[in-house]
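Asks: Next input, structure requested:
(2 chains)
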Number of protein chains: 2
Amino acid sequence: MTRPDNTTGYLSTRQVIELNRKFARSDAALGFDVSDQFVPFNQMDDMFTRALWDESIKSPLTEAFFNSYRMEFAPRRGEGFTQRDFALRNASWVISDIISNRASQTGKREGFQAAIDYDTPVNPVQVPLREPAQESAGIKRLARLFGADLVGITEVDPRWHYANRVNTKDLTPAPNQLPDDISHVIVMGHAMNADLVNTYPSALAGTSTGLEYSHETAIVIQLASYLRNLGFEAIASMNDTALVVPYAIKAGLGEYGRNQMVLTRQFGPRVRFSKIFTNMPLQADEPKPAGIRQYCEICTRCADACPPKALPFGAPTRQPENRSTINGVKKWTANCEKCFGYWAQLKTDCAICMRVCPFNRTNSLTDRLWFRLATGSNGMRKLALYIDRLRGPRTRLKPGKWWSRIQQ
Amino acid sequence: MTRPDNTTGYLSTRQVIELNRKFARSDAALGFDVSDQFVPFNQMDDMFTRALWDESIKSPLTEAFFNSYRMEFAPRRGEGFTQRDFALRNASWVISDIISNRASQTGKREGFQAAIDYDTPVNPVQVPLREPAQESAGIKRLARLFGADLVGITEVDPRWHYANRVNTKDLTPAPNQLPDDISHVIVMGHAMNADLVNTYPSALAGTSTGLEYSHETAIVIQLASYLRNLGFEAIASMNDTALVVPYAIKAGLGEYGRNQMVLTRQFGPRVRFSKIFTNMPLQADEPKPAGIRQYCEICTRCADACPPKALPFGAPTRQPENRSTINGVKKWTANCEKCFGYWAQLKTDCAICMRVCPFNRTNSLTDRLWFRLATGSNGMRKLALYIDRLRGPRTRLKPGKWWSRIQQ
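Replies: Below you'll find the model as predicted:
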């Protein structure tokens, strides 16, 4: 079962100008500043793909990084990076791996370099729908029933779709296909385990990433299948097809942070996102900025803590760092080459910038009070910064300590 | 990647006698009464398999039951059985379906009529282990990290393994294989959604079943992969390979009820089970009977409520109802033919006996107090029965009402 082969793909300058106009109001509310020279991002240029074809990136270290996800190549070198740490991290990824590997012979890495194929067809009989507001409320509750922690809905916005996806068999650009009548995107957030995130950097910490990739795989597939069973197109998508960060922000789930992540009210940056493209008539959410971005303007916790110094200290800029940076959007931009270079050294993902972010909070009273200050008036924000400097960045939980709690 | 092909399979009378002796103490604690004429159950005789080959069971109704899991054949006939109800039920099953269908060409229906194949190999390097008690505590916490609601560990007991599994391609018996050195079984419980269970009987209610099959698929695969990454055999198993009810009871997760289900302290019968067979040296749990079974002796809520009158009203018996009943175990025994016949009529699973069971409780103070009474002295138990008769069986939540709550 495959989807119709209509192409979105590249946008002309004229189309970009039209989209910039169409979304001017929500762009402004979100702090998006997209120039008319904007060019959609080509997935060939993302760091994970470049590490496969770009000789300036590819190295024995990047090879070893990818290989470490198979136990026979997992390195072992001390606390947080032992066989047991890699064993748990790699096991947490397995459900995601089963889906992303099942069609590898066709060059489709589902959920990463291709959308997830239809496991069940679109029902030729469409169910009678209630009002878009009611259907949207229902879909959000069902997303939670399937296990999502956050859900928002937004209109389709082709600026954030990859100009090309990647054929992972021969590492060539492939058309990035969606049916023509897709109108809405359902964006889901999947909260990461707080204790595991506190062990970054470590292979153990990567378990928090693998767990949510496995969760989101199951959840997007089930919810998309429900929509198709009702008679509508529904393309389950993870990191493939489109950039999820702008979509999550448009859907009202959070704000863009200095650490390049979506900062949510509920979990700060400690959340991953998945999405479903559908032609079901739904009601789009309004962005709900809470003032988190303004706090990022005066805070540099993440940039301070980044070992390879990949994060920006200054104001948002339109200057691209390298070919892995999207063009024509004024934003805080990481140097992804430095960032991924550090991952390759570690042989696991790094998210120190997630751990130390003061919005990576618990639900404790003090953390809730601090959030109020940080998202309040200018004066309150400065007081929040002062308090955060006093208490210092969230310290790393030693992986050995995590294990001894588990095994006691 | 496949597992070694050693066979457990049939047991000789001598082996049965030895096992009955070995497990005499825990059998007695559990209320298991296994005769020396006991014969392990052949999976060819389970109702779902018989409905495929046994002409006395197979009918247009049973065909329509199986077909209803595909939308093109899903019937539509009123509240709880509309396209939307089947859409949600069928979507909830999809993750389980992906795994159980992926090797259908080989006659293996993974998770149902065959164990789940190894997605990752056994690491040739075994990790140094801590004491069995610590490893067991660790595995239980990791099972919860992966999403299990209950976990227990028990010794392998071949009496409960299927004499044969089923080749689903040609519907013939196939050897039921496990490596020779499997010593322990990790049993996990997966709580079903209470509101959905309250809508039994309905296609909508089947969503509570599908959700947990999809959850348990992901959870057993991940936890088993972790054990293999540590260098041990670990066979992920759902309904395949062995009867999970006696294993769950041996692992201390609950007691056997009149409704044929494991009644847990936490969720009563509202829970499904999965299991992992491993050769890792672990510490077996002790059964912890809480007095639930004694309450079943005086209560007939489930038998009263069963539309096809498939459940027993009397004391446990050794008399088999039909070839789908295990031989030589004194127990409450349902007439599975009547039970499944009703499912076929409904075109969905029925669990009215789960809904009305007084142990299917919430965590409210009154429900907790009632549980104390029901599992107390003889006098308290009778008072609990009296109270339960006064308040009547848990009434069905109308599917239409469930949907209007979701879509408001």
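Asks: residue ranges for the strands of chain A, please.
Replies: A:34-39, A:150-155, A:165-167, A:172-174, A:184-191, A:234-237, A:255-256, A:262-263, A:271-278, A:327-329 (DSSP state E).
Asks: ok, the fourth one: who's next to it in the sheet?
Replies: Meaning strand A:172-174. Strands that pair with strand A:172-174, judged by DSSP bridges, come out as strand A:165-167 (antiparallel).
Asks: What mean pLDDT does the strand it pairs with get?
Replies: What strand A:165-167 shows for mean pLDDT is 95.
Asks: likewise stretch A:78-88?
Replies: Mean predicted lDDT for stretch A:78-88 stands at 96.
Asks: Contacts (any at all) between chain B and it?
Replies: Yes: using CB under 8 Å from any CB of the partner chain, a contact is recorded between stretch A:78-88 and chain B, made by A:82-84, A:86-88. Glycine gets a C-beta too; all of them are placed from N, C-alpha and C.
Asks: of those residues, closest to chain B?
Replies: Closest approach to chain B among those (CB to the nearest CB): A:A87, at 3.4 Å.
Asks: my read: that closest one touches B:Y226, true?
Replies: Yes: counting by CB atoms under 8 Å, A:A87 touches B:Y226, with 5.6 Å between them.
Asks: could you list every residue that touches the residue nearest to A:A191 when sequence neighbours are not counted?
Replies: Among residues not flanking A:A191 along the chain, A:D149 sits closest, at 4.4 Å (CB to CB, 6 or more residues apart in numbering or on different chains). Each residue near A:D149 by CB atoms under 8 Å, 6 or more residues apart in numbering or on different chains is listed here: A:188-191, A:266-267, A:271.
Asks: cool, and A:G111?
Replies: A:96, A:99-100, A:213, A:217, A:236-240.
Asks: ranking those residues by neighbours, who comes first?
Replies: Neighbour counts for the contacts of A:G111, by other CB atoms under 10 Å in any protein chain shown, peak at A:A236, which reaches 31 neighbours.
Asks: Up against chain B, what does the stretch 151-300 of chain A have?
Replies: Residues of the stretch 151-300 of chain A lying near chain B (CB under 8 Å from any CB): A:193, A:211, A:214-215, A:218, A:221-223, A:225-226, A:229-230.
Asks: cutoff 10 Å now
Replies: Contacts of the stretch 151-300 of chain A with chain B, taken as CB under 10 Å from any CB of the partner chain, map to A:193, A:195-196, A:207-208, A:210-211, A:214-215, A:217-219, A:221-231, A:234, A:236.
Asks: Just the buried residues of those residues.
Replies: Buried residues within these, counting neighbours by 16 or more other CB atoms under 10 Å in any protein chain shown: A:193, A:196, A:207-208, A:210-211, A:214-215, A:217-219, A:221-231, A:234, A:236.
Asks: Next step: those restricted to helices.
Replies: A:196, A:207-208, A:210-211, A:214-215, A:217-219, A:221-229 (DSSP state H).
Asks: buried residues in stretch A:156-170?
Replies: A:156-168.
Asks: swap that for stretch A:54-65, sorry
Replies: Buried residues in stretch A:54-65 (16+ other CB under 10 Å): A:54, A:57, A:62, A:65.
Asks: on that earlier part again, filter the contacts of A:D149 down to the buried ones.
Replies: Buried, going by 16+ other CB under 10 Å: A:188-191, A:267, A:271, out of these.
Asks: just for chain A, where's the confidence low?
Replies: A:1-9 (pLDDT under 70).
Asks: can we see that at 80?
Replies: The model of chain A has pLDDT under 80 over residues A:1-10, A:75-76, A:320.
Asks: that older thread, output the contacts of A:G111 in a markdown table; the columns should cover distance to A:G138.
Replies: Shown next, in a markdown table, are those (distance: CB to CB, whole Å):
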| residue | distance to A:G138 |
| --- | --- |
| A:S96 | 27 |
| A:I99 | 26 |
| A:S100 | 29 |
| A:Y213 | 26 |
| A:T217 | 23 |
| A:A236 | 18 |
| A:S237 | 21 |
| A:M238 | 23 |
| A:N239 | 27 |
| A:D240 | 26 |
